[in-house]
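> Show me how the following folds:
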Amino acid sequence: MELSDASTVTDALKTALAHYISIEKIKRTSNSIVTEPLEFYYTAAELRSKNQS
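Numbering: from 1, shown residues only. Purely as a prediction, here's the structure:
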């Protein structure tokens with residue numbers, strides 16, 4: 001309860017669960033990027049010209 005600044009055990013567990021879920025989502029996303037890399041539809045030059053217009 002010291003680390004979560006919660007006043008009750010229930011609040012501390014809610015905080016811990018929320019952080020755990022966030023970490024698991026990041027891990028899952030990271031793994032999906034490793035197995036299936038992101039694809040970009042525009043080259044750097046095309047993006048620069050779009051941003052300048």
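
> now the helices: where do they sit in this protein?
Along the chain, counting by DSSP state H, helices occupy 9-35, 44-52.

> so what does the first one touch, helix or strand wise?
The contact analysis (3 or more CB pairs under 8 Å, 6 or more residues apart in numbering; DSSP states H and E) places helix 9-35 against no helix or strand. C-beta here means a position set from N, CA and C on the backbone, and glycine is covered the same way.

> show me where pLDDT drops low in this protein?
Along the chain, segments meeting pLDDT under 70 span 1-3.

> Centre-most residue in it?
residue 26 (4.6 Å; CA atoms, centre = their mean).

> winner for burial among the helices of the chain?
helix 9-35 (a mean of 11; mean count of other CB atoms under 10 Å).

> next one: that one to chain centre, how far?
The chain centre lies 9 Å from the centre of helix 9-35; the measure is CA atoms, centre = their mean, to the nearest Å.

> what do you get for stretch 24-39?
Worked out by CA atoms, centre = their mean, stretch 24-39 lies 10 Å from the chain centre.

> CA-only coordinates of it in CSV, if you can.
The C-alpha coordinates for stretch 24-39 follow below in CSV (Å, rounded to 0.1, in the frame of the first residue of the first chain):
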residue,chain,number,x,y,z
GLU,A,24,0.7,-7.2,-20.4
LYS,A,25,-0.9,-5.1,-23.2
ILE,A,26,2.5,-3.5,-23.9
LYS,A,27,4.2,-7.0,-24.0
ARG,A,28,1.5,-8.3,-26.3
THR,A,29,1.8,-5.4,-28.7
SER,A,30,5.6,-5.6,-28.6
ASN,A,31,5.5,-9.3,-29.5
SER,A,32,3.1,-8.7,-32.4
ILE,A,33,5.4,-6.0,-33.8
VAL,A,34,8.3,-8.5,-33.6
THR,A,35,6.4,-11.2,-35.5
GLU,A,36,4.6,-8.8,-37.9
PRO,A,37,6.6,-5.6,-38.4
LEU,A,38,4.8,-2.3,-39.1
GLU,A,39,4.3,-1.3,-42.7
